[in-house]
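1. everything below, folded, please.
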Amino acid sequence: MPTITETATTSPIGRQTPRIDGPFKVSGTAMYASDFNFPGLLYAVPVEATIANGKLQKLDTSEAEKMPGVRAIFHRANIGKIFRSVLQPPSSGIADERRPPLADDVIRYYGQYIAVAVADTFEIAKAAADAVRATYTKDKPNVNLDLQPENEPETVETTHGRLKRLQSERGDPDKAFASAQVKVDQTYVTPAETHNPIELQGTIATWDGQMLTIYEESQAVFNLRSVLAQMFGLPKENVRVITKFVGSGFGSKLWPWTHCALACAAARQLGKPVKLVLSRRMMFQSVGHRPRTQQRVRLGATNEGKLVSLMQDYLNDLDILGGYHENCGESTSYFYSVPNLRVHWGRTRRNIGSPTPMRGPGAVPGLFATESAMNELADQLKIDPVRLRELNEPKIDEGKGIPFSSRHYLECLQLGGERFGWANRNAEVGSMKRDGLILGWGLSGAAWISGRFPAQASVELRDDGSARVACGTQDIGTGTYTILAQLVSDKTGVPLNKIEVVLGDTSLPPGPISGGSLVTGSVVPAVFEAADNAITSLLTVATTEPGSAFGNRTRDDLAFESGRVFAKADGPAKGVPFSDLLHRTNMRLVTGSGKSEGTLDDKKPKVSMHSYGCHFVEVTWQPATARLRVNRVVTVIDGGRIINPLAGRNQIEGAVVMGIGMALLEHTIYDPQNGAPINSNLADYLMSVNADAPLMEVHFLDYPDTDVNQLGARGIGEIGLAGVAAAIAAATYHATGVRVRELPISIEDLLTSSILT
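-> Numbers count the residues shown, from 1 in each chain. Now for the predicted structure:
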């Protein structure tokens, strides 16, 4: 099987490339949203509800308003009109919390904003916010962990439009399960998790008449522009969103949150720029989280291991007013071959802030359940879990009845097993030991969507030999700046250090959201077309403008390669650098535009586009102290062509470490008395740190998927997290004999192990 090698390449595509934005970040010159400053800038701090269910009866702002330096305390009576936004199909105007801030006096979750203090300094604004006194009538909040489905119709409204709750069905899964020779019927639970990117969320809002400009760490600047235009009754062209750098987001910065509208409304009222940056505690309350999920998975199989039935019934919790759906069944219908299948889902409302996508939304908790069930089935059958997956490899996407564009899952398992040494596994629980520790080995498959969002780009070739590429997408820390530079360098021959990449601004050609691991796949066709059109313009200049050395040629006589224009008959060696050509014709630059259409809204796709992978995990178990540690991970990814293997490995390694946190540590806990997130800080919310990182091997298969784009590149930011928790749970069982079906795996779970001596 082809794999990514470390051999040198003359093309920047496939070359290990340090990020071109790295020097800006390590030198402190990269400008994040809250770094911008303006004359007369004021500071805003929200006032938060200290109950999760009830009604605001009275708001006393008198003491706060008397404080020196306080400009205003805004509340429902004086904030001014903020309209409710609406989803604009197919994919504009998206917001998880659509209720405008301060729209009514009903409190639906702890930390809901009830006012905002604005002052000359942050310290004064914080003191003023703390001085506001609120009186409530309150009821006991519902943050119950046991999820039972709401009585919803079979077609419901969600954040992204109307969806059927019967997600996929074929055959007669109930009958097939009832008659199956071997059965698994278990419920798997994943907890609420909070994103916790390094950069806190915030907004700087400025008005110039009816023109609104905001600086925001957004993963989707054009969607944010659409929502704000609606909320403030403005044409879209009157709203500009700027996002130069993002200190990570993991999905929490995809869609607009109410603090942004508060900052814009306060700036409008005061006629001054306003900066509002959330605290870490606020990040646990009002800017989303991965919801709690509860999934019943039923597998029926023959004694030989062939699946005959698969049923997945899953629930997620959500806020009182919202429509969030955690798509846990995303990969279920196509991942394995099974003639009888049903995937059905429901939701249950709680007094919590709205959930939102978190790295690998849907598929990550979904694969924890289905891959854990597959591992349990393998144990019941006493069959190697790799062999079980081989037996159930599909020939087509059975959910849609169409072929795969590219699928090399079995090769992932083969290479991963070889690199991990899986053939040496003893399947007996607690049987493998090394250095006084018990070893546990486990594995899981991984899958994630692929495709394209619509994208546009522009490329300039300049008379100093440099180039500029612009696209209104964002770089959320995943390497998009570098990818665009590599694409332009490949097309034009301009070195990376002479390419300016401009992103994160709604004044640029519209670009895709930084979500779904789809930016890379989306921008390739647009950037390549823009570069081709810039080169076409250059060839036109070469044959039509005075001063050119090719004035006696036609455009068809000429070609462009490695930054040189040349006559086809003479070859590149006798060509002219494009900078010289522009100098001679007295031109500063030529430009080209490009665009590509999206694929995700295709109602009748011809192929099923996904990425695949697997994780092989080793844990060590120290019975005397009940200490479990992830010791070694081998991951293999079938992600199409990898444009930058260096950044690609960074992405997968980071995802694996995040998966360790999901399996063993992360859990947002809500107080049943007042509905507040209890562990709303980085001391009490446990995440993986450097000391938790295991030995890691990451391998990429090299199968370009040209149904996605001409390079065959797919995004990989999320697939590295999919399946990690299931592999760790399987390894934990192998080491301890304890089957954990509710994350995170805790010491208390493992104290029931019979292997404690």
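2. CA atoms for contacts and neighbours, from now on please.
-> OK.
3. for H325, which residues are in contact?
-> T158, T159, N316, R347 (C-alpha atoms under 8 Å, 6 or more residues apart in numbering).
4. state the distance from it to A363.
-> 12 Å (C-alpha to C-alpha, to the nearest Å).
5. and the residue of the chain most remote from its centre, which of the three is it?
-> Distance from the C-alpha centroid of the chain peaks at N552, with 53.0 Å (C-alpha atoms, centre = their mean). Here N552 is recorded as coil under DSSP: H, G, I helix; E, B strand; the rest coil.
6. what residues of stretch 147-163 count as buried?
-> L147, T159, H160 (16 or more other C-alpha atoms under 10 Å).
7. specify which member of these is nearest to A725.
-> Distances from A725 to the buried residues of stretch 147-163, taken as C-alpha to C-alpha, are shortest for L147 (21.2 Å).
8. that closest one reaches L315, doesn't it?
-> Yes. In terms of C-alpha atoms under 8 Å, L147 counts as a neighbour of L315; the distance is 6.9 Å.
9. shared neighbours, those two?
-> Going by C-alpha under 8 Å, 6+ apart, residues that sit against L147 and also against L315 are Q294, T348.
10. M658 in helix, strand or coil?
-> Per three-state DSSP, M658 ends up helix.
11. how many other residues sit next to it?
-> Counted by other C-alpha atoms under 10 Å, the residues lying close to M658 total 22.
12. kindly state the pLDDT recorded for it?
-> With respect to pLDDT, M658 scores 98.
13. I'd like to know how far it sits from Y324.
-> 23 Å.
14. measure the residue farthest from the centre of the chain to S579 for me?
-> According to C-alpha to C-alpha, N552 stands 20 Å off from S579.
15. go on, R741?
-> From R741 to S579 the distance is 63 Å (C-alpha to C-alpha).
16. just the closest of the contacts of H325 to L87, please.
-> T159 (7.9 Å).
17. so for stretch 147-155, what's the average pLDDT?
-> Across stretch 147-155, pLDDT averages out at 96.
18. what residues does that stretch touch?
-> In contact with stretch 147-155 (C-alpha under 8 Å, 6+ apart) are residues 162-166, 294, 315-317, 346-349.
19. tell me how far the ends of it are from each other?
-> End residues of stretch 147-155 are separated by 20 Å (C-alpha to C-alpha).
20. for stretch 71-87, same thing?
-> End to end - C-alpha to C-alpha - stretch 71-87 spans 34 Å.
21. give the buried residues for it.
-> Counting neighbours by 16+ other C-alpha under 10 Å, stretch 71-87 gives R71, A72, I73, F74, H75, I79, I82, F83, R84, S85, V86, L87 as buried.
22. can I get the CA coordinates of whatever helix or strand Y43 lives in in CSV?
-> Taking DSSP states H and E as the definition, Y43 sits inside strand 42-48. Taking Å, rounded to 0.1, in the frame of the first residue of the first chain, the C-alpha atoms of strand 42-48 are listed here in CSV:
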residue,chain,number,x,y,z
LEU,A,42,-14.4,51.1,26.1
TYR,A,43,-14.6,47.8,27.9
ALA,A,44,-17.7,45.7,28.5
VAL,A,45,-18.3,42.9,31.1
PRO,A,46,-21.6,41.0,31.0
VAL,A,47,-23.7,40.5,34.1
GLU,A,48,-24.7,36.8,34.4
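23. show the subsequent helix or strand relative to the strand or helix carrying G445.
-> Assigned by DSSP H and E, G445 belongs to strand 437-449. Counting by DSSP H and E, the element after strand 437-449 in chain order, helix or strand, is strand 455-462.
24. from Q414, how far off is E393?
-> The value you get for E393 to Q414, if C-alpha to C-alpha is used, is 13 Å.
25. check W448 too.
-> 19 Å.
26. between those two, which has more neighbouring residues?
-> Between W448 and Q414, W448 has the larger neighbour count (other C-alpha under 10 Å), namely 27 against 17.
27. ok, T137 touching Q57?
-> Yes. At 6.7 Å, T137 counts as touching Q57 under the criterion of C-alpha under 8 Å.
28. D684: neighbouring residues, count only.
-> There are 12 residues near D684, going by other C-alpha under 10 Å.
29. run through the residues that contact the residue farthest from the centre of the chain.
-> Contacts of N552 by C-alpha under 8 Å, 6+ apart are T543.
30. quick one, grab the pLDDT at it.
-> Value for N552, per-residue pLDDT: 88.
31. just the helices in the stretch 601-750 of the chain please.
-> Secondary structure of the stretch 601-750 of the chain (DSSP state H, counting those that start in this stretch): helices at 645-664, 724-736, 747-750.
32. hang on, I meant the stretch 151-300 of the chain
-> 173-178, 221-231, 258-270, 280-283.
33. so for A470, which of those helices sits nearest?
-> Of the helices of the stretch 151-300 of the chain, nearest to A470 by C-alpha to C-alpha is helix 221-231, at 14.1 Å.
34. and the angle for the closest one with helix 258-270?
-> Calculated by axes from the mean of the first three to the mean of the last three C-alpha atoms, to 10 degrees, helix 221-231 forms an angle of 50 degrees with helix 258-270.
35. show residues contacting helix 221-231.
-> Taking C-alpha under 8 Å, 6+ apart as the rule, helix 221-231 contacts 82-86, 92-95, 100, 218, 234-236, 238-243, 255-256, 261, 472-474, 504-506, 510-511, 513.
36. for PyMOL, what selects the buried ones among these?
-> In PyMOL, this line selects whichever of the contacts of helix 221-231 come out buried by 16+ other C-alpha under 10 Å:
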select buried, resi 82+83+84+85+86+92+93+94+95+100+218+234+236+238+239+240+241+242+243+255+256+261+472+473+474+504+505+506+510+511+513
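37. shouldn't V524 be within a helix?
-> Yes. Under three-state DSSP, V524 sits within a helix.
38. can you tell me the closest non-neighbouring residue to it?
-> N709 (6.7 Å; C-alpha to C-alpha, 6 or more residues apart in numbering).
39. let me know the secondary structure of Y481.
-> Under three-state DSSP, Y481 comes out as helix.
40. and it, how far from V501?
-> Y481 is 6 Å from V501, by C-alpha to C-alpha.
41. and if you look at G477?
-> 14 Å.
42. higher neighbour count, these two?
-> Each of G477 and V501 has its neighbours counted (other C-alpha under 10 Å); V501 has more, 21 against 17.
43. by how many degrees do the helix or strand containing A129 and strand 42-48 diverge?
-> Using DSSP H and E, A129 sits in helix 122-131. In terms of direction (the same axes, to 10 degrees), helix 122-131 departs from strand 42-48 by 20 degrees.
44. dump helix 122-131 to CSV, restricted to CA.
-> Provided in CSV are the C-alpha atoms of helix 122-131 (Å, rounded to 0.1, in the frame of the first residue of the first chain):
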residue,chain,number,x,y,z
PHE,A,122,-11.8,46.6,32.2
GLU,A,123,-11.3,46.7,35.9
ILE,A,124,-14.0,49.3,36.3
ALA,A,125,-16.4,47.4,34.0
LYS,A,126,-15.8,44.2,36.0
ALA,A,127,-16.5,46.0,39.3
ALA,A,128,-19.6,47.6,37.9
ALA,A,129,-20.9,44.2,36.6
ASP,A,130,-20.3,42.8,40.1
ALA,A,131,-22.2,45.6,41.7
